[in-house]
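the sequence and its predicted three-dimensional model are supplied below.
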Amino acid sequence: MWARFTAVAGLVLAGVLALPGVAMAKPKDLDVPVGTWLAARTHPAVQLTSVSYTADVAVPTPVANLEAIKRLTQQGVAAVQSGKISSDENSIYRWVVQQMAKDPGRYFSPGAPERVVEATAGGLCTGWWVTPDGYMVTAAHCVGQEDSELAETFATQALTKINEKDAADLVADLGEIASDEEIVRTAAKIFQVWNADNIKIRNVKSSLSLLQSLPGGGVDKTAKAVPIELVAKGTVYPGKDVAILKANGQNNLPTVPLGQDADVRVGDTLYISGFPGTVTQTSIFNLESKLDPAFTEGPYNAGRQTPEGVPYIQTQAPSYPGNSGGPVFSKDGNVVGILVGGLIQQDGGSTEGESFVLPVSIVREKLNEKNIKSAESVTTKTYNEALDLFFADHYSDALPKFREVQALQPNHPYVAKYITDSQQAITAGKDESSSSVLPWVLWGAGGLVALFVIGGLGMALRGRRRPKPPTPSFTPAPYGAQPGHLPPGRGHQYDQHGRPVQYDQHGRPVQYDQHGRHGQPYEVPQQHYRQRPPYPLPAAPEDDRTARPQPPYGAPQQKPGPGANTRIAGLEAELEQLRRNMGQRPPDQR
C-alpha cells in the first residue's frame, strides 16, 4: 500500500514540475522572430559613445586668385560656344563654381587677417560591454583621429559660420543672377575644403564618454555622460580597426557574449546593432529615440582580405555613419564581428551589399593583449531568463526576475518598461505562468495525497484487527473417529477465542498462549466443529445479554467483571445440555 502511495505521489509531483513555466523556455520554442529575440537580449549592452575635442582653431582669410578665375571664365565661354553648356549666364556661373570645387587651392590663397575661434568638435559611434565591470569594445577610428582627419572635422563642424560667410561672399561677387541653390551649396563645399587645407589647430584636448540612458520606463529617459578611458587602440580602417575602452566604477553591467569566426559563413544572416547618425544627428527625433539602437540584418556576402592580410566580412546588412564600432551577431546571439566601415553614398547610407565587418578573432586578439576576459554578468543571465519567460507569456514568473535585474542594475535602460508590460499583461488575463495554475494543482494534489494517507492508515488498522469469526460449520467426523478430535484438512474450525484451529504433525490441535502464540496441543471443545443444534440454547442471564467485542490479537485480556461467574455457569449448563442432545441423535447417514 505504502509503495503504491509513494509511486502515485511521485507521479503527482512530476506532473506539477512539468507545468508550463517551471522549466526554462528555449529560444527555439518561443513564437518570436530571431531578430526580435536578439534585439531584446543585446540592446542593453549596446551604448552610444562620444568623442569630443576642444581647441583653438585659426584659418586665414581666403584671397581670390583673379588670374586663375579669369582663365576659368574663358574656359566657360569656350564651353558655351562648343555647345557643352547652355549660353545663359546662370549656367556659366554654375559651371565655373563646380570647377572651383574640384581644386579650391588653385583659385584662393591664404591672406590676412587670421580668424581664430575656440572650437568644439566630436563624433558619435557605437560601443558594447564585454565585462560586468566596464570594459567596452568599439572601433579605433571612433576614439581618436589623425591630424588630417581632425582638421577636416573642425572645418566641417567648428568653422560652420566661417564657411557660410566665405561662401556668401563668393556668391555675392558672382552677382545676383548666380544665386540659385545649387551654386550656394557648391560654394559652401569649396570653403569647407579650403579651410580644412589651411586650418591651424592649437591646444587640442580630447575626451571620451558614453551617453548612458537612465531608467524611466520608456517615458522620461535622459542621457548621462559617463567618462571612459582608452585602454588599447588598433590601426584605423582598413587596418585592425578595434579599440578597448574602460568605464571606472561600474558593476553588474549588461554584456554580450563573444562567438568565434567559424560561427558564421557565406549565406548566413548577420545582425548589426548600433546608432546611425541619420537619427542621432537630426532634430526630428527626441532624445529617447536617439538612445535606442537600431537593428538591421542581411546576408554574409563574402570574406575579404586587405593587402596587409587583415580579414573582413562583407555583408548586405545596412549600416550608416554612427554604426561604426557596433557589434555584429549570429542568429545565436554571439558577437561574430565589429562594424567598421562601408562605401558611403551621398545620402549618407552605405552602398547596398558593401558594409564591412572586422571578425571577432581580431577583437579577441586585442582583448588578450590586455589580459581582458569577456564574461557574462549576473544581470544579463537573469535578464535573459526573464525575457524567455516574458516571450512565453509567463508574466508572473518573469516579473520577479525583471525586478531582480532592476535591483542589480538600477540604470538598466529597458527593464522598467518590461516590468510595466508584465503587470499590464497579468491584469489583462494574458498570464500563462505556472504560478497562476499551480495553487489549484497543488490543492488537488493535496487532496489526493490526503486520500491516500487516510486509505493507508485504514488498511494498516484493518491488517491489525482480528477478523470476525464466521459461523462455525459442521464437518462430519469419519466413521471410527474419536469424539473430541478432528483430523486436519476437514473444514474450518475455530477455538473459543475465535482463532482458527491449527494442527501439529500428529494431527493434534495447537493451542495459543495469551499473546496469540502457538503453545501445546489441547482438546478442542466440540461446539467449535459440530453443527449448532436446531433448537434454542439457554438464554444468558439478564445482567449480561449484551455482546462484547473481542480484543485484537496480542491485546491484554480484560479481567472478569460483574456477572462473570454467572456467564461461566450458564456456559457450562449449555455445554452439558448439548452433550445430552448429541448423544440422543442417530448416527449421520450419507
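Alright, I've got the coordinates.

what about residue 67, neighbour count?
9 (other CB atoms under 10 Å). Every residue, glycine included, has its C-beta placed from N, CA and C.

checking it next. Helix, strand or coil?
helix (DSSP: H, G, I helix; E, B strand; the rest coil).

how much space between it and residue 106?
Noted for residue 67: a distance of 10 Å to residue 106, by CB to CB, to the nearest Å.

helices and strands around the helix or strand harbouring residue 225, which ones?
Assigned by DSSP states H and E, residue 225 falls within strand 223-227. With contacts taken as 3 or more CB pairs under 8 Å, 6 or more residues apart in numbering; DSSP states H and E, strand 223-227 sits against strand 200-213.

next, the buried residues of whatever helix or strand comes next after the strand holding residue 225.
Using DSSP H and E, the next helix or strand after strand 223-227 towards the C-terminus is strand 229-233. Using 16 or more other CB atoms under 10 Å as the test for burial, strand 229-233 gives 230, 231, 232, 233.

let me see the mean pLDDT of stretch 381-397.
The average of the pLDDT scores along stretch 381-397 is 95.

re earlier: between the strand holding residue 225 and strand 200-213, how many degrees?
120 degrees (axes from the mean of the first three to the mean of the last three CA atoms, to 10 degrees).

quick one: contacts of strand 223-227?
50, 207-214, 247-248, 287, 291, 411 (CB atoms under 8 Å, 6 or more residues apart in numbering).

filter the residues you listed down to just the buried residues.
Buried among the contacts of strand 223-227 by 16+ other CB under 10 Å: 50, 208, 209, 210, 211, 212, 213, 247, 291, 411.

and of these, the nearest to residue 306?
residue 208 (26.6 Å; CB to CB).

mind listing what the nearest residue to that closest one once chain neighbours are set aside touches?
Distance criterion CB to CB, 6 or more residues apart in numbering; nearest residue to residue 208, sequence neighbours excluded, is residue 228 at 4.9 Å. By CB under 8 Å, 6+ apart, residue 228 lies in contact with 49, 136, 208, 209, 210, 245, 246, 247.

hmm, 6 Å instead?
Residues in contact with residue 228 (CB atoms under 6 Å, 6 or more residues apart in numbering) are 208, 209, 210, 245, 247.

what's the answer for residue 131, then?
residue 375.

of all the contacts of strand 223-227, which comes closest to residue 374?
Closest to residue 374, out of all of the contacts of strand 223-227 and judged by CB to CB, is residue 247, at 15.4 Å.

and the gap between the closest one and residue 138?
12 Å.

make sure residue 188 is actually in contact with residue 167.
Yes: Residue 188 is within contact range of residue 167, at 4.2 Å (criterion: CB atoms under 6 Å).

got a list of contacts for stretch 115-122?
So stretch 115-122 is contacted by 50-55, 57-59, 153-154, 157-158 (CB under 6 Å, 6+ apart).

possible to save these as TSV with pLDDT?
Formatted as TSV, those follow (pLDDT from 0 to 100):
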residue	pLDDT
50	92
51	92
52	90
53	90
54	90
55	91
57	90
58	92
59	93
153	82
154	82
157	78
158	79
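
now which of these would you call buried?
50, 51, 53, 54, 55, 57, 59, 153, 154, 158.

quick one, helices of the stretch 51-200 of the chain?
66-81, 89-102, 104-107, 147-157, 160-174, 181-198 (DSSP state H, counting those that start in this stretch).

output the contacting helices and strands for the longest one.
By that I understand helix 181-198. Secondary-structure packing of helix 181-198 (3 or more CB pairs under 6 Å, 6 or more residues apart in numbering; DSSP states H and E): strand 46-64, helix 89-102, helix 104-107, helix 147-157, helix 160-174.

what sits up against the fourth one?
Judged by CB under 6 Å, 6+ apart, the contacts made with helix 147-157 from elsewhere in the structure are 57, 119, 121, 192, 195, 196, 199.

okay, these in CSV with distance to residue 31 next?
CSV is the format used below for the contacts of helix 147-157 (distance: CB to CB, whole Å):
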residue, distance to residue 31
57, 56
119, 53
121, 48
192, 52
195, 57
196, 54
199, 57
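
flag the helix or strand of this protein with the lowest per-element mean pLDDT.
helix 2-17 (a mean of 36; mean pLDDT, DSSP states H and E).

related to what we said a few turns ago, ok, of the buried ones among the contacts of stretch 115-122, which one's closest to residue 252?
Once CB to CB is applied, the member of these that ends up nearest residue 252 is residue 50, at 23.1 Å.

who's in contact with the helix or strand encompassing residue 363?
In the assignment (DSSP H and E), residue 363 maps to helix 360-369. Residues from elsewhere that reach helix 360-369 (CB under 6 Å, 6+ apart): 137, 232, 240, 242, 244, 258, 259, 261, 335, 336, 337, 338.

repeat the analysis, applying 10 Å as the threshold.
Outside helix 360-369, the residues that touch it by CB atoms under 10 Å, 6 or more residues apart in numbering are 130-131, 135, 137, 140, 231-234, 239-244, 258-264, 310-313, 327-328, 330, 334-338, 340, 358-359, 372-374.

now the buried members of these.
Buried among the contacts of helix 360-369 (16+ other CB under 10 Å): 130-131, 135, 137, 140, 231-234, 239-244, 258-259, 261, 263-264, 310-313, 327-328, 330, 334-338, 340, 358-359, 372, 374.

residue 82 - how many residues pack around it?
Neighbours around residue 82, by other CB under 10 Å: 8.

and it, backbone torsions?
Backbone torsions for residue 82, taken as degrees, to the nearest 10, come to phi -80, psi 0.

list the contacts of it.
Counting by CB under 10 Å, 6+ apart, there are no residues that residue 82 touches.

the nearest residue to residue 256 once chain neighbours are set aside - how many residues pack around it?
Excluding the flanking residues, the one nearest residue 256 by CB to CB, 6+ apart is residue 45, at 4.5 Å. By other CB under 10 Å, 24 other residues sit near residue 45.

in this structure residue 45 contacts residue 255, no?
Yes: assessed by CB atoms under 10 Å, residue 45 is found in contact with residue 255 at 5.3 Å.

common neighbours of the two, please.
With CB under 10 Å, 6+ apart, residue 45 and residue 255 have common neighbours 128, 129, 130, 136, 377, 379, 380.

please name the bridge partners of the second one.
The bridge-partner assignment for residue 129, based on DSSP bridges, gives residue 136.

give me the number of residues near it?
26.

can you read off the pLDDT for it?
97.

next one: it from residue 250, what distance?
Taking CB to CB, one finds residue 129 at 8 Å from residue 250.

quick one: common contacting residues for the two?
With CB under 10 Å, 6+ apart, residue 129 and residue 250 have common neighbours 135, 136.

for the protein, which spans come out with low pLDDT?
1-29, 175-179, 213-222, 343-353, 435-590 (pLDDT under 70).

quick check, residue 372 in contact with residue 246.
Yes: contact status for residue 372 versus residue 246: in contact at 8.9 Å, counting by CB under 10 Å.

any residues in contact with both of those two?
Joint contacts of residue 372 and residue 246 (CB under 10 Å, 6+ apart) are 131, 135, 231, 232.

same list, those, but as TSV with distance to residue 114 please.
Conversion of these to TSV gives the following (distance: CB to CB, whole Å):
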residue	distance to residue 114
131	48
135	44
231	38
232	38
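
and of those residues, the nearest to residue 182?
residue 232 (46.0 Å).

for that closest one, what are its contacts?
140, 143, 242, 243, 244, 245, 246, 366, 367, 369, 370, 372.

before we move on, what about residue 194?
59-60, 62, 100-101, 103-105, 107-110, 155, 163, 166.

can you do 6 Å?
The contact partners of residue 194, by CB under 6 Å, 6+ apart, come to 62, 104, 108.

repeat for residue 293
43, 46, 273, 274, 275.

by neighbour count, which of the residues you listed wins?
Neighbour max across the contacts of residue 293 (other CB under 10 Å) = residue 275, 29 neighbours.

who are the contact partners of that residue?
Contacts of residue 275 (CB under 6 Å, 6+ apart): 48, 126, 293, 322.

now intersect those with the strands, please.
Here DSSP state E is the test, and the contacts of residue 275 give 48, 126 as lying in strands.
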